[in-house]
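Novice: Pasting the sequence and the predicted model now:
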There are 4 protein chains.
Amino acid sequence: MTQDLDHDNVAHGMTPEDTPELRALYQGFKDNHLNPLWTQTGDLMPMHPKPQAVPHVWRWADLLPLAEQSGKLVPVGRGGERRAIGLANPGLGGKAYVSPTLWAAIQYLGPRETAPEHRHAQNAFRFVVEGEGVWTVVDGDPVRMSRGDLLLTPGWRFHGHHNDRDAPMAWIDGLDIPFSQQMDVGFFEFGSDRVTDYATPNYSRGERLWCHPGLRPLSQLQDTVASPIGAYRWEHTDRALTEQLLLEDEGQPATVEQGHAAIRYVNPTTGDDVMPTIRCEFHRLRAGAQTPERREVGSTVFQVFDGQGAVVMSGVRHTLEKGDMFVIPSWVSWSLEAETQFDLFRFSDAPIMERLNFMRTMVDGG
Amino acid sequence: MTQDLDHDNVAHGMTPEDTPELRALYQGFKDNHLNPLWTQTGDLMPMHPKPQAVPHVWRWADLLPLAEQSGKLVPVGRGGERRAIGLANPGLGGKAYVSPTLWAAIQYLGPRETAPEHRHAQNAFRFVVEGEGVWTVVDGDPVRMSRGDLLLTPGWRFHGHHNDRDAPMAWIDGLDIPFSQQMDVGFFEFGSDRVTDYATPNYSRGERLWCHPGLRPLSQLQDTVASPIGAYRWEHTDRALTEQLLLEDEGQPATVEQGHAAIRYVNPTTGDDVMPTIRCEFHRLRAGAQTPERREVGSTVFQVFDGQGAVVMSGVRHTLEKGDMFVIPSWVSWSLEAETQFDLFRFSDAPIMERLNFMRTMVDGG
Amino acid sequence: MTQDLDHDNVAHGMTPEDTPELRALYQGFKDNHLNPLWTQTGDLMPMHPKPQAVPHVWRWADLLPLAEQSGKLVPVGRGGERRAIGLANPGLGGKAYVSPTLWAAIQYLGPRETAPEHRHAQNAFRFVVEGEGVWTVVDGDPVRMSRGDLLLTPGWRFHGHHNDRDAPMAWIDGLDIPFSQQMDVGFFEFGSDRVTDYATPNYSRGERLWCHPGLRPLSQLQDTVASPIGAYRWEHTDRALTEQLLLEDEGQPATVEQGHAAIRYVNPTTGDDVMPTIRCEFHRLRAGAQTPERREVGSTVFQVFDGQGAVVMSGVRHTLEKGDMFVIPSWVSWSLEAETQFDLFRFSDAPIMERLNFMRTMVDGG
Amino acid sequence: MTQDLDHDNVAHGMTPEDTPELRALYQGFKDNHLNPLWTQTGDLMPMHPKPQAVPHVWRWADLLPLAEQSGKLVPVGRGGERRAIGLANPGLGGKAYVSPTLWAAIQYLGPRETAPEHRHAQNAFRFVVEGEGVWTVVDGDPVRMSRGDLLLTPGWRFHGHHNDRDAPMAWIDGLDIPFSQQMDVGFFEFGSDRVTDYATPNYSRGERLWCHPGLRPLSQLQDTVASPIGAYRWEHTDRALTEQLLLEDEGQPATVEQGHAAIRYVNPTTGDDVMPTIRCEFHRLRAGAQTPERREVGSTVFQVFDGQGAVVMSGVRHTLEKGDMFVIPSWVSWSLEAETQFDLFRFSDAPIMERLNFMRTMVDGG
């Protein structure tokens, strides 16, 4: 019963008569940098999240040519730092915020180019939907970037990138820039104009220390706030998802839902999310599978890695192809449909919501 | 060395020539809801927090008369919900945000008035700088409000207030409304138009169960995300601070700094902050004491409870009297000076910063 | 079905024929410090805990005169360290172990006597069933001991006791000596032959810093493995229990079971047990109340603090008076019955069982 | 100064005169199941751990033939349950305890034999120093056992073993039986007389779900008290150690000490030990390497997996070969020396000591 009441359909019991005294009072508020709650309750305290950000799809077919053109026209270097083009949520007034918390961009590096080193409090990752040839150097550790890999740059680690090949490469970046900007938590420091190590090893030192399942180096017993793994390789992600679907075929519990395999990338020192503000996951749907309609607090971004399908957001269906990206703002309903086997990379601000106890989820028929 | 570089004094290596092709590219960005990083790096990723919010002082001598006048002109009731007047940080464009995360308001209830019940995801508290006679009813438990008391209303608990006396009463409210609003996490539900229990006990049931130092009811072994204590009474706060200063006199470690006693209000089930997003503390300085200059990530609000003194924010000194409130935005330098014994209530968003690993502190000479 | 099988009633499928070869094999085991599992499975791996320790009651009417006589005949001093008489479980072969994990003793200090300072890895507490006049000095902090108080001496803190009065005083000690001894974890160091501070304050420094409900000194933000509170006073315990029963009268959830109020003494920095190996609680039953039959992993010791009642252990009923102590070994069934209002202090090794995931509980009708 | 004092060299200030009254008092203690502390302080509360358990080496050359002979003479089956021969510490009176907390045994299964299913509260693992062909079936999941593998059976999971080959197989078992027995925490239940699944897959379902580095199945977000990984494969362990030594060669921090690589097997849901009471590790020393002398609280068992070397325990040197096992009781000094590359599996009760805050370590020159 009370649940059906909304700010819009309850009588407003605090509407004073418009008198000179009232106007004087309101002017007094203004003069003293005050603002009464009763004139704005519904906006400040909505019945459920009513984000300004809107659901939106960006097409890889649009993103990549613009990135390539940037590669031709805009040099990469100190000051601007990165040839990264941010997805600007149409509801957020042109700001390069894909959501109130998250930044998502396509980054592009031409043949033999270097993006200089810096570090910042903001947490970052890169995900590679296609291509290879770039190494990101994180606190001096060169990390190969190849298709399907997730590469981490947790807060306050120096990092730069260099392209070791004669072909350009593009990938996506995810950061908590909007959150950091709005919450005033950012710090930044310039590093070397070149990367500190131009070696191009197949595996980074972080991987060589940490990427052995269930094995922890005895020299690394201190838990870390972000994952010490710099690169989560496609070969492992693909195998994990493949096994989940095979186990499902064998009648074993392994998938999230029928036909829906998924992994979360985690910090091996704790089993928790890879970074304090950003969750990263990879989802695979069997051809024909469909997920139930969901609403969740917080915002999430997907990129299609492979296959064809669709997303329905707030009841609107968008077909999707490889590379396409979309954002689902807080409490917007969504579900996925797979036409072929359908692989999607996902990141979100869920750790923020969970650590501050704001997470809620509603699953249709759940 | 690299620390001295700022975005403003490094050569910007990403300034392309202004050509028709470039203009076409930038138009392409706009058409596709994109925004390049290189034109805005310094704004999005500052060298250190550069808040839009500014340090500001609100005078009790201004606040209280406006609240009283509101009491005369504006009824309290369903829809507007509360006769609360929010402090609007002058840097935040007139929004009723005292900082990007926090809401602070003076609330006023006339003789025999009732503010109706509701609940919301936002966390709230009240602190009483003067007066008595109101009971806040939290999930059915009537909680007396008296001078010096901190009263909690953690997220999603029904609550209303009623004034049992023939005199009005004013107090301050603190909430995480701006954070909730910007992060799209808010839920709201109307409750009873009257409070569910008009009893006026001296101690709430929560206090009677929980306010025995070091003793936990065996029926309450589950940890809770927010404190189960509804009221932190002045008698305990005052005694704790008095004892710290006496111990300091005896040469024992007890105070934060010489002449500076302080307590944090905590959740007895965990020893942590009272609520997931808001830290509450009380500080007492001996006459003549001065705190070292500090900078901290996150924003904080103080209200003078008693005595006279001053705050220096960003080098500007403001003298302070009982009831005065001031906000210190992220990374703004501040220190306190006590002319007399100087008592201050403090609240901040530090739990957000700590849980997400963004906290940093810089103490002068520290 | 399988639950009904016991080692005694399954056919033993590993009974080899007694041959010279078998005897040679068994001799080979012996010569090589080996021991086959199959000859002892039932003993090593029982169907449920089958403790050697037995339920037992010690009468205060027996304990106190023996302690007084010790006071006359045995001096207290360095080497023997304490005039403490340990309860020796009749099932444990005369060892001064009240259970495999716990030590319980009556300690006695004559007029003006001092027990010298020392420290040890073992965790200790004292509980006072009657009397006053002794101060225990813990890491230099003098702590008054009075009827109903629980006094802590967590591992590795120097402590000694002195009697400031012309009358003797007796109290009980609880430690994890048997656990420490069997697990080989003990360290010990002698301290001053006299206590380091003969002051006799009403409240210890630890209490003055920490015993303010829900308030944490800002100078003490580091969590501690054991409680920083040296004394849990009877006035608080009594009030907490009184309030629980009053709340029960008012129809509010507060007690463990109908007519059964109880508190756990906790570490205010975490809300957890006061020490890593020992749980301390206080229970109050209304006259006529009876607790359901329980079995728990781990051992527990009670001392009657006030009133009259009985305990039923393994079906045997023992009437109880003030000062009487009893031990309940692991998985022995027990329940309490109150003839008058019945107050009992309890301590146990439950933190060991819970931290190592061995705890199980079975409650009759639960 | 006080550190140099021992119970043996301080004057004992509590030696009363031997009188008839004293004898009567001591008889009174005995009659009432009491035992005075002052006659036994040094034994009950030693200056440092003085274990009854002694350092000891068991030779594989002795163990294996006795196991083989058991295979000929003793059938395996219900009642005795396992053809396991426990290492009996010479200091512990013939009990099959390798230390006060740990059980270590060689288990032997003949061609085509089955060890029936059961479950118990005790935590167990198996480690394979040579051979293959046995599958252990844990809660219905068949787990291959091969050289170098660590196989887990955490508490209360049904498990049985079967040999799928025509050759026998031996391995070692480790459990917390002595701890469970002395602390009275054991529960036991018989299961199927045959294993529930005779399939012989290369990889268990637990591995297929969990053994992807840094990837957590989205269907398995609940942390578990013991590791969900049933088998830690040699290929991963070997590669992790190899990489650590290569990184050391490259001048990178990776090893515990110069020439000493090591991993801890962990629970991927938390990054902590595999089971609540047992720590498992694998150590590799370069030829010629030597570890500093160490003392640690708690007991530990090693088995040589490969190579040749020695252990020095309490100053006594023992040369070691493949399969040899040795136990280091609490606070006994030890160091390892490698003649060739030297691989050792290790398990210990360190989680008990750490969770109860009793751990201490002393490293020579550390």
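Specialist: Nice, thanks for sending it over. Numbers count the residues shown, from 1 in each chain, chains lettered A, B, ... in the order given.

Novice: Let me know the secondary structure of residue A:65.
Specialist: When classified by DSSP: H, G, I helix; E, B strand; the rest coil, residue A:65 comes out as helix.

Novice: Would you mind measuring from it to residue B:52?
Specialist: Between residue A:65 and residue B:52 the distance is 36 Å, computed by Cβ to Cβ, to the nearest Å. The C-beta positions use only the backbone N, C-alpha and C, and glycine is treated the same way.

Novice: Is residue A:22 within a helix or a strand, and which one?
Specialist: helix A:20-31 (DSSP states H and E).

Novice: packing partners for that helix?
Specialist: strand A:34-36, helix B:60-73 (3 or more Cβ pairs under 8 Å, 6 or more residues apart in numbering or on different chains; DSSP states H and E).

Novice: closest to residue B:161 out of the ones you listed?
Specialist: Of all those, it is helix B:60-73 that lies closest to residue B:161, at 13.6 Å by Cβ to Cβ.

Novice: What would that closest one look like as CSV? C-alpha coordinates only.
Specialist: Extracted in CSV, the C-alpha atoms of helix B:60-73 (Å, rounded to 0.1, in the frame of the first residue of the first chain):
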residue,chain,number,x,y,z
TRP,B,60,23.7,29.9,14.1
ALA,B,61,22.6,33.4,14.6
ASP,B,62,21.5,33.4,11.0
LEU,B,63,20.2,29.8,10.8
LEU,B,64,18.0,29.8,13.9
PRO,B,65,15.8,32.8,13.1
LEU,B,66,15.2,31.6,9.6
ALA,B,67,14.2,28.2,11.0
GLU,B,68,11.9,29.9,13.5
GLN,B,69,10.3,32.0,10.7
SER,B,70,9.8,28.8,8.7
GLY,B,71,8.0,27.4,11.7
LYS,B,72,5.6,30.3,11.5
LEU,B,73,5.1,30.2,7.7
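
Novice: how about that helix: buried residues?
Specialist: If you call a residue buried by 16 or more other Cβ atoms under 10 Å in any protein chain shown, then helix B:60-73 has these buried ones: B:60, B:62, B:63, B:64, B:66, B:67, B:69, B:70, B:71, B:73.

Novice: so who does the last one touch?
Specialist: The reference is to residue B:73. A:16, A:19, A:21, A:22, A:25 (Cβ atoms under 8 Å, 6 or more residues apart in numbering or on different chains).

Novice: Over to residue A:46: give its phi and psi.
Specialist: Residue A:46 adopts backbone torsions of phi -70, psi 160, taken as degrees, to the nearest 10.

Novice: With residue A:178 instead?
Specialist: phi -60, psi -40.

Novice: Quick check: it touching residue A:89?
Specialist: No - counting by Cβ atoms under 8 Å, residue A:178 sits too far from residue A:89 to count as a contact (9.3 Å).

Novice: Now the common contact residues for the two.
Specialist: In contact with both residue A:178 and residue A:89: A:95, A:97, A:98, A:99, using Cβ under 8 Å, 6+ apart.

Novice: could you dump these to a markdown table with neighbour count and secondary structure?
Specialist: Output for the shared contacts of residue A:178 and residue A:89, formatted as a markdown table (neighbours: other Cβ atoms under 10 Å in any protein chain shown; DSSP: H, G, I helix; E, B strand; the rest coil):
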| residue | neighbour count | secondary structure |
| --- | --- | --- |
| A:95 | 17 | coil |
| A:97 | 28 | coil |
| A:98 | 30 | coil |
| A:99 | 29 | coil |
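
Novice: Of those, just say which sits nearest to chain D.
Specialist: residue A:99 (21.2 Å; Cβ to the nearest Cβ).

Novice: quick one: contacts for the closest one?
Specialist: Per Cβ under 8 Å, 6+ apart, neighbours of residue A:99: A:51, A:53, A:89, A:92, A:178, A:299, A:301, A:327, A:329, A:330, A:349.

Novice: and if we set it to 6 Å?
Specialist: A:53, A:299, A:327, A:329 (Cβ atoms under 6 Å, 6 or more residues apart in numbering or on different chains).

Novice: and the helix-or-strand element of chain A with minimal mean pLDDT, which residues are buried?
Specialist: Least confident helix or strand, chain A: helix A:41-44 with a mean of 86, by mean pLDDT, DSSP states H and E. For helix A:41-44, burial by neighbour count (16+ other Cβ under 10 Å) applies to A:41, A:42, A:44.

Novice: and what of stretch A:11-19?
Specialist: A:12, A:14, A:16.

Novice: The residues you listed: which ones sit near chain B?
Specialist: Within the set of the buried residues of stretch A:11-19, contact with chain B (Cβ under 6 Å from any Cβ of the partner chain) is found for A:12, A:14, A:16.

Novice: Just put the buried residues of helix A:41-44 in TSV and tack on distance to chain D.
Specialist: Listed next are those as TSV, based on distance: Cβ to the nearest Cβ, whole Å:
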residue	distance to chain D
A:41	36
A:42	35
A:44	33
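
Novice: Return the member of those nearest to residue D:258.
Specialist: Looking across these and measuring by Cβ to Cβ, the closest to residue D:258 is residue A:44, at 61.4 Å.

Novice: ok, now which ones touch that closest one?
Specialist: So residue A:44 contacts B:177, B:181 (Cβ under 6 Å, 6+ apart).

Novice: try residue A:234
Specialist: A:148, A:149.

Novice: Residue A:132 versus that one, what's the distance?
Specialist: 11 Å.

Novice: now do residue A:187
Specialist: Counting by Cβ to Cβ, the gap from residue A:187 to residue A:132 is 32 Å.

Novice: Look at the two and report which has more neighbours.
Specialist: residue A:187 (20 against 15; other Cβ atoms under 10 Å in any protein chain shown).

Novice: ok, that one touching residue B:50?
Specialist: No - checked against Cβ atoms under 6 Å, the pair residue A:187 and residue B:50 is beyond contact range at 10.7 Å.

Novice: secondary structure class for the residue in chain A positioned nearest to chain C?
Specialist: Using Cβ to the nearest Cβ, the single residue of chain A nearest to chain C is residue A:223, 15.4 Å away. At residue A:223 the chain is in coil, as set by three-state DSSP.

Novice: Over to residue A:265?
Specialist: strand.

Novice: so what pLDDT did it get?
Specialist: Per-residue pLDDT puts residue A:265 at 98.

Novice: Could I get the contacting residues of it?
Specialist: Per Cβ under 6 Å, 6+ apart, neighbours of residue A:265: A:150, A:232, A:274, A:280, D:214.

Novice: run the last query once more with 7 Å
Specialist: Counting by Cβ atoms under 7 Å, 6 or more residues apart in numbering or on different chains, residue A:265 makes contact with A:150, A:232, A:274, A:280, A:281, D:214, D:215.

Novice: Widest-spaced pair of the residues you listed?
Specialist: A:281 and D:214 (12.2 Å).

Novice: The two: who's more crowded?
Specialist: residue D:214 (28 against 22).

Novice: So the more buried one versus residue A:194, what's the distance?
Specialist: With Cβ to Cβ as the criterion, residue D:214 and residue A:194 are 30 Å apart.

Novice: what's the answer for residue A:353, then?
Specialist: Relative to residue A:194, and taking Cβ to Cβ, residue A:353 is found at 39 Å.
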